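> What would the 3D arrangement of this be:
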Amino acid sequence: MENWYVAHSKPRCEELLWKQFCLRSFESYYPIIKVQTVNPRARQTQPYFPGYVFVHVDLAVTGRTILERLPGGVGLVSFDDEPAIVPDGLIESLKERIERLKAAPTPCLLHKGDAVIIHNGVFAGYEGIFDFQLSGQDRVRILLSLLDHRLMTVEIPASYIHLINQN
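Okay, here's the model as predicted:
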């Protein structure tokens, strides 16, 4: 029976391990996200789960040995020497989340002073003012009017905000 498993990679070898799975025609999933870096020569994407790649196989047919000896790999995530099975629903939810992150507006298109609405997290439904993107992170600083109409700064993931159309 085929199940999803988590393969542990050597440091910064997630893509290599994923390519090894692809070369052997194993169904695999390597979630990556875009990042804004300070250094323009730095990688523009990062693994969503550094050090891990998902693989969908039937261990009774494939065996663990081949999966644990691939270049870039360390082995399968296991508990009591039993590989941990990842529910199919979790993989589907993860794929949907990554797609939503990819579809989120790029914060660099926002300018200081732009009106935004927060659509996720503790401050969901609040309107605020975009201040700036935090260097090297997918986080932004927003100014919110919360207590006695004083502006307070909050730092939240950039994917939590949308620009309010000001026609």
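> so what does the top helix by length along the chain touch, helix or strand wise?
Using DSSP state H, we find that the single longest helix of the chain is helix 88-103. The helices and strands touching helix 88-103, judged by 3 or more CB pairs under 8 Å, 6 or more residues apart in numbering; DSSP states H and E, are strand 3-9, strand 27-29, strand 32-34. The way it works is simple: take the backbone N, C-alpha and C, and place the C-beta from them, glycine included.
> Please identify the most buried of these.
Stretch with highest mean neighbour count among the helices and strands packed on helix 88-103: strand 3-9 (a mean of 20; mean count of other CB atoms under 10 Å).
> In the longest helix of the chain, which residues are buried?
Leu94, Leu101 (16 or more other CB atoms under 10 Å).
> what about the strands in this protein?
Remark: strands assigned in the chain by DSSP state E are 3-9, 27-29, 32-34, 45-47, 52-57, 73-76, 78-79, 82-83, 85-86, 115-118, 127-133, 139-145, 151-157, 161-163.
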